[in-house]
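Visitor: structure of the sequence below:
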Amino acid sequence: MTTSLTLAAIWALIANVLAMTPSKDHHWRNAYILIAVGIPILGFVTWQHGPWFGMLVLAAGMSVLRWPVIYLGRWIKSKASR
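Guide: Predicted structure coming up:
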């Protein structure tokens, strides 16, 4: 397994462990940190393995961080409807 896929797997493991811990802010602080760390890892995976693996890792990350993605979609929809 390459370095980039190892980092992506570690990111997914940490994301799942953080999801199991209690949080007063409904895990939003954790989500921001995971997004900030995950974007460079996604770029590294895409650079090493190409766009198909990059899209698979992106889909996996979006499934873990689904609420930030849903809120981003709602925000874009509200801005586009104006």
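
Visitor: could you use CA atoms for every contact and neighbour count after this?
Guide: Fine.

Visitor: can you classify the residue nearest the centre of the chain by secondary structure?
Guide: The centroid of the chain falls nearest to Gly61 when counting by C-alpha atoms, centre = their mean (3.5 Å). Secondary structure state of Gly61, per DSSP: H, G, I helix; E, B strand; the rest coil, is helix.

Visitor: tell me the mean pLDDT over the helix ranked longest in the chain?
Guide: Determined from DSSP state H, the single longest helix within the chain is helix 28-49. Regarding helix 28-49, the rounded mean pLDDT is 97.

Visitor: could you list the residues in contact with it?
Guide: With C-alpha atoms under 8 Å, 6 or more residues apart in numbering as the test, helix 28-49 has contacts from 4-5, 7-8, 11, 15, 18, 52-55, 57-58, 61, 65, 68.

Visitor: and those residues, which of them are buried?
Guide: Listed as buried from the contacts of helix 28-49 are 4-5, 7-8, 11, 15, 53-54, 57-58, 61, 65; burial here means 16 or more other C-alpha atoms under 10 Å.

Visitor: show the pLDDT at Pro22.
Guide: Per-residue pLDDT puts Pro22 at 93.

Visitor: and for it, the neighbour number?
Guide: 9 (other C-alpha atoms under 10 Å).

Visitor: then Pro40?
Guide: Neighbours around Pro40, by other C-alpha under 10 Å: 12.

Visitor: now swap in Ala12 and tell me
Guide: Neighbourhood size, Ala12 [other C-alpha under 10 Å]: 18.

Visitor: dump the residue contacts of it.
Guide: By C-alpha under 8 Å, 6+ apart, the neighbours of Ala12 are 61, 64.

Visitor: and it, how far is that from Ile76?
Guide: Using C-alpha to C-alpha, to the nearest Å, Ala12 is found at 26 Å from Ile76.

Visitor: the strand or helix carrying Ile76 vs helix 28-49, what angle?
Guide: Following DSSP states H and E, one finds Ile76 within helix 66-81. Here helix 66-81 points in a direction 90 degrees away from that of helix 28-49 (axes from the mean of the first three to the mean of the last three C-alpha atoms, to 10 degrees).
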